[in-house]
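> Just the structure for this:
(chains A and B)
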Amino acid sequence: MLAKRIIPCLDVHNGRVVKGINFINLVDAGDPVAQAQVYDAEGADELVFLDITATHEARQTVMSMARAVADQVFIPFTVGGGIRTVDDMRAMLRSGADKISLNSAAVRSPELITQGAEAFGSQAIVIAIDARRKEFQVPGSRFQLSRSEFRVSSSESPLSTLAPSQPSALSPLSWEVVINGGRVQTGLDVVQWAIEVAQRGAGEILLTSMDADGTKAGYDIALTRAVAETVNIPVIASGGAGRVEHFAQALTEGGAAAALAASLFHFNELRIREVKAYLRENGIAVR
Amino acid sequence: MTITMIDYGGSNLRSVQKALAFVGAQVEVTADPTIVMRAEKLVLPGVGAFAPAMAALRERGLDEAIIAAVHRQVPLLGICLGMQLLFEVSEEMGEHEGLGLVRGRVVRFPANGLVIPHMGWNQIIPTREHPLLAEVTPGSYSYFVHSYYCEPTNAAALLAASDYGHPFAAIIAQGNIYGIQFHPEKSQQVGLQILRNFVEL
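Reported below is the predicted structural model:
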């Protein structure tokens, strides 16, 4: 049986691992290879390195990081951030990355997805989508869905208490694609964009809820499910993990093939092996 | 023991090379058919499409060199696409002839509700005992990325099966010819153990 995957994400700046909370306040926290080895030993199924260095000169640093990781860590890994051309993709894959992820560049030039899939195969192309809930119009009032409306109970642990809010009266929920770390709105609908990237040959979607990111209140299950139900490629849920139950929820109700977390693992608040033990106890296939 | 890895262009050999070195092998990488013919042990890696890979082997005369080495009883391990190239024919983008060292076909997973490619960690179930699987626990997870799989004509060639919609060949072994559909170089301890076993065969 195909296992559900648990993926730690490591933010990289100038070749060093850092992690921002909601994309700000960076804390320097280590050597990428050492981090990768720890995660490998912990049972991580894959790794994602997100290069947040803005400058083009940093590309060489990231490629040498990819080479160092590939030489010493024998699980698949993805490198994202700053990849803008097919040549960038080729260079990173040749450096030893198994997959590359595109975010803003894919929104600006969707043909990059097609070109990358044709040149390297769909399995090598991950499209990262950052999603933010849209505001709604309801008669007589205008409001934004707040975090509390899809929040999960934090006082009780059984899965049954973690039912996400149903779209019901506020239906249909929708999300907008945002780029540049959430600073730029694109006007694109997340589900429509997910359909397009899948048609263009993306092999996976890394779906981050910008509303949930950093809150530790749980993945945005409605978002994850809306995308996972629509496309026939794996969806990696991202943003909001705080407890073991959140992973189970994303992988069952959310329909995700994998769940990603960063600071939670990075600061040892939760161990990957604890997450996997919990998933196994709850009948979810993990390695 | 020196492992000779066959480089026919395009494919990223680095991870396989490093994994073999990690388990203690001396590794040489070559595109030279005369070196392939003289090898002690061969690894045929591969990522990408069947037809261009086969064309690249032929262009360099590597197809005949591999066949000659195998007839000399040199152990040969094909990994992922490298396993598929061992077979007679592949259905990937038309019908294409392979090395024909193992009887059978390479076919696509049916798209009935399955996500293609089959990508991720799946369990491998040995169908018989073999030194290639020494110290490998039945049901261990290995990392797969593929849309096509091998159907050996002779069921006795099967060494381990995996299941994606239906059972398929995860590992084959026929005499001195071995094929692994998943990526042992990306399958952590399980994959490294299988590579170690191949090195020590």
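
> hey, where'd the helices end up in chain B?
Using DSSP state H, the helices of chain B run over B:14-22, B:33-37, B:50-59, B:62-71, B:81-84, B:188-200.

> could these be laid out in JSON lines, adding mean neighbour count, distance to B:Gln181 and mean pLDDT?
For the C-beta atoms, the positions are set from N, CA and C on the backbone; glycine is no exception. Shown next, in JSON lines, are those (neighbours: other C-beta atoms under 10 Å in any protein chain shown; distance: least, C-beta to C-beta, whole Å; pLDDT from 0 to 100):
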{"stretch": "helix B:14-22", "mean neighbour count": "20", "distance to B:Gln181": "14", "mean pLDDT": "92"}
{"stretch": "helix B:33-37", "mean neighbour count": "17", "distance to B:Gln181": "23", "mean pLDDT": "97"}
{"stretch": "helix B:50-59", "mean neighbour count": "18", "distance to B:Gln181": "13", "mean pLDDT": "94"}
{"stretch": "helix B:62-71", "mean neighbour count": "19", "distance to B:Gln181": "18", "mean pLDDT": "98"}
{"stretch": "helix B:81-84", "mean neighbour count": "26", "distance to B:Gln181": "6", "mean pLDDT": "96"}
{"stretch": "helix B:188-200", "mean neighbour count": "21", "distance to B:Gln181": "12", "mean pLDDT": "97"}
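
> could those be laid out in a markdown table, adding distance to B:Ser140?
Output for the helices of chain B, formatted as a markdown table (distance: least, C-beta to C-beta, whole Å):
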| stretch | distance to B:Ser140 |
| --- | --- |
| helix B:14-22 | 16 |
| helix B:33-37 | 31 |
| helix B:50-59 | 27 |
| helix B:62-71 | 28 |
| helix B:81-84 | 18 |
| helix B:188-200 | 4 |
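
> Tell me which of those helices approaches A:Leu2 most closely.
helix B:188-200 (15.4 Å; C-beta to C-beta).

> check whether that closest one contacts chain A.
Yes: with C-beta under 8 Å from any C-beta of the partner chain as the criterion, chain A is reached by helix B:188-200 at B:188, B:191-192.

> Show me what that helix packs onto, helices and strands only.
helix B:14-22, strand B:41-44, strand B:140-146 (3 or more C-beta pairs under 8 Å, 6 or more residues apart in numbering or on different chains; DSSP states H and E).

> Dump the ones you listed to TSV, plus distance to chain A.
TSV is the format used below for the helices and strands packed on helix B:188-200 (distance: least, C-beta to the nearest C-beta, whole Å):
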stretch	distance to chain A
helix B:14-22	5
strand B:41-44	15
strand B:140-146	4
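
> As a markdown table, those with distance to A:Thr230 would be great.
Formatted as a markdown table, the helices and strands packed on helix B:188-200 follow (distance: least, C-beta to C-beta, whole Å):
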| stretch | distance to A:Thr230 |
| --- | --- |
| helix B:14-22 | 33 |
| strand B:41-44 | 39 |
| strand B:140-146 | 23 |
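
> B:Gly179 is nearest to which of those?
strand B:41-44 (8.9 Å).
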